[in-house]
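S.K.: got a structure for you, letters missing:
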């Protein structure tokens, strides 16, 4: 079975540009999570969805960040405009139930110059 | 609110020695507890989890952890370290926070090095 699929795996962009990260969760999973990982702050939960509905977005750093889940098989995380401090690895994870095991994608490494 | 503390951001052990990675949590409600492992340039994958029942939980690759409610701990152990165990390990706690919402909180991680 395919796992969580994220794209792109690597993105290098210049400050001010729009960045869109994509995620396809495991089929049948009804919870989806976006995390950011940096050396300084570790693993941070940005937002999570249950049945395509955003449940908790308190971790989204600021209005430059937005996330959508238009259907059960696709989600996007958008940063507009991007800044150098947004450089990090962004992980998408999905789960069958909120309390269950999270299945992580391989991450999208973002570098903002 | 809940939190997870992992003691030691870096741990080094010799190959064949005992691995002990410490995790303490705080939660106002009964928690679910997890250990995840992250190999370089990969996402996290589940090692083991505690939900209810037996407090000693066995996971993949010979790892196990014991839930101790009185100590609010969930330490990860492996009797004999292997070179392939070198990775970063994350403890996580999940608890119901009301209104149909759960919070999953990760610790900051412990990087395990295995010395030949």
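M.R.: Cool, the structure landed. Keep in mind that this is a model prediction, so the values were computed, not measured.

S.K.: contacts, neighbours, all on C-alpha from now
M.R.: Will do.

S.K.: tell me how far the closest residue to chain B within chain A lies from residue A:17.
M.R.: Proximity to chain B, evaluated over chain A using C-alpha to the nearest C-alpha, is greatest for residue A:106 at 4.5 Å. For residue A:106, the distance to residue A:17 equals 23 Å [C-alpha to C-alpha, to the nearest Å].

S.K.: do the same with residue B:63
M.R.: Applying C-alpha to C-alpha, one obtains 44 Å for the distance of residue B:63 from residue A:17.

S.K.: next: residue A:40.
M.R.: Distance of residue A:40 to residue A:17, computed by C-alpha to C-alpha: 24 Å.

S.K.: so between those two, which is more surrounded?
M.R.: Legend: neighbour count by other C-alpha atoms under 10 Å in any protein chain shown for residue A:40 and residue A:17, higher for residue A:17 (13 against 7).

S.K.: quick check on the more buried one: phi, psi?
M.R.: Dihedral angles phi and psi of residue A:17 (degrees, to the nearest 10) take the values phi -80, psi 160.

S.K.: can you check the pLDDT for it?
M.R.: According to the predicted model, the pLDDT of residue A:17 comes to 97.

S.K.: got it, and residue B:76?
M.R.: The model reports residue B:76 with a pLDDT of 98.

S.K.: quick one, what contacts residue B:37?
M.R.: Going by C-alpha atoms under 8 Å, 6 or more residues apart in numbering or on different chains, residue B:37 touches B:44, B:45, B:46, B:47, B:87, B:88, B:89, B:90.

S.K.: where does the closest residue to residue B:1 other than its chain neighbours fall, phi/psi-wise?
M.R.: When the adjacent residues along the chain are set aside, residue B:1 lies closest to residue B:27, with 6.6 Å between them (C-alpha to C-alpha, 6 or more residues apart in numbering or on different chains). With angles defined as degrees, to the nearest 10, residue B:27 shows backbone torsions of phi -160, psi 140.

S.K.: state the number of residues packed around residue B:27.
M.R.: When neighbours are defined as other C-alpha under 10 Å, residue B:27 has 16 of them.

S.K.: how about the one 3 residues further on?
M.R.: The number of residues packed around residue B:30, counting by other C-alpha under 10 Å, is 14.

S.K.: state the distance from it to chain A.
M.R.: Separation of residue B:30 from chain A (C-alpha to the nearest C-alpha, to the nearest Å): 12 Å.

S.K.: so which bits of stretch B:108-116 are buried?
M.R.: Buried positions in stretch B:108-116, judged by neighbour count with 16 or more other C-alpha atoms under 10 Å in any protein chain shown: B:108, B:109, B:110, B:111, B:112, B:113, B:114.

S.K.: quick one: which two of those are the most distant?
M.R.: Maximum pairwise distance in the buried residues of stretch B:108-116, criterion C-alpha to C-alpha, is 19.6 Å, between B:108 and B:114.
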